[in-house]
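Enquirer: model this:
(chains A and B)
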Amino acid sequence: AQKVTQAQTEISVVEKEDVTLDCVYETRDTTYYLFWYKQPPSGELVFLIRRNSFDEQNEISGRYSWNFQKSTSSFNFTITASQVVDSAVYFCAWSGSSNTGKLIFGQGTTLQVKP
Amino acid sequence: EAGVTQFPSHSVIEKGQTVTLRCDPISGHDNLYWYRRVMGKEIKFLLHFVKESKQDESGMPNNRFLAERTGGTYSTLKVQPAELEDSGVYFCASSPDRIEQYFGPGTRLTVT
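Expert: Down below sits the predicted model:
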């Protein structure tokens, strides 16, 4: 069965530090998608990125970057020069191409960025 | 374009009462999903509609939960009777293609 693990329950950093959120997934599927969502204190889920299993190219978007490595079944998320506004719960999720599209989420990592 | 909306944003009910949550998806999205996050745990899938049909309801916890999507537009999720363990945040998401899911703001349900 598919599983997503975010081993870091809570991370606390000081503003301007870099921080990496880990995500490890388990699947036997060859085609799948990986996602990161952000849940700020206001509660909504904000989509950050989607990657399909055939695209291992790393991606950078401003201060955010993602490292997808199929060899280690990981899809890690790095925030460079963190800011207080980055404080949120971050969820990694998996979706298979052969199923209904339902997302399987990790447990979430609560990131606190202190000024 | 309006996003996914959910109503109410917050509901506090007593154990044994009934609550109905509503989700209005993005217009034209055939796929509608319900998820919930119980305090401190991961977000879990509840069910998936394609238009008005239930495609996958494998995540529904028990028969106290009833979801409908009349006419393939908005959806309701009824909990009857509510139990303490039903407390959490209920998210709705819609999708045009089962890949990109757009989430609503969630309904925080508190059962006392």
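Enquirer: checking A:Phe75 next. Helix, strand or coil?
Expert: Assigned by DSSP: H, G, I helix; E, B strand; the rest coil, the conformation of A:Phe75 is strand.
Enquirer: could you measure from it over to A:Thr30?
Expert: 16 Å (CB to CB, to the nearest Å). C-betas here are computed from N, CA, C, even on glycine.
Enquirer: ok, B:Ile43 next?
Expert: For B:Ile43 relative to A:Thr30 (CB to CB), the value is 25 Å.
Enquirer: coming back round to it: and A:Phe75 and A:Thr30? which has more neighbours close in?
Expert: When neighbours are counted by other CB atoms under 10 Å in any protein chain shown, A:Phe75 comes out ahead of the other of A:Phe75 and A:Thr30, with 26 against 11.
Enquirer: now the more buried one, which residues is it bridged with?
Expert: Beta-bridge pairing for A:Phe75 (DSSP bridges): A:Phe68.
Enquirer: and what of the one 4 residues further on?
Expert: Here A:Ile79 sits in beta bridges with A:Val19, A:Tyr64, going by DSSP bridges.
Enquirer: how about it, what does it touch?
Expert: Applying CB atoms under 8 Å, 6 or more residues apart in numbering or on different chains, we find A:Ile79 in contact with A:Asp18, A:Val19, A:Thr20, A:Leu21, A:Arg63, A:Tyr64, A:Asp86, A:Leu111.
Enquirer: check A:Gln39 too.
Expert: A:Leu45, A:Val46, A:Ala88, A:Val89, A:Tyr90, A:Phe91, A:Gly108.
Enquirer: type out the ChimeraX command that picks the buried ones from these.
Expert: Buried residues within the contacts of A:Gln39, by 16 or more other CB atoms under 10 Å in any protein chain shown, are selected in ChimeraX with:
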select /A:45,88,89,90,91,108
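Enquirer: near chain B, which residues of chain A are found?
Expert: Counting by CB under 8 Å from any CB of the partner chain, chain A comes close to chain B at A:4, A:33, A:37, A:42-45, A:47, A:50, A:91, A:93, A:95, A:99-108.
Enquirer: now restrict the residues you listed to buried residues only.
Expert: Neighbour counting with 16+ other CB under 10 Å marks A:4, A:33, A:37, A:43-45, A:50, A:91, A:93, A:95, A:100-108 as buried within the residues of chain A next to chain B.
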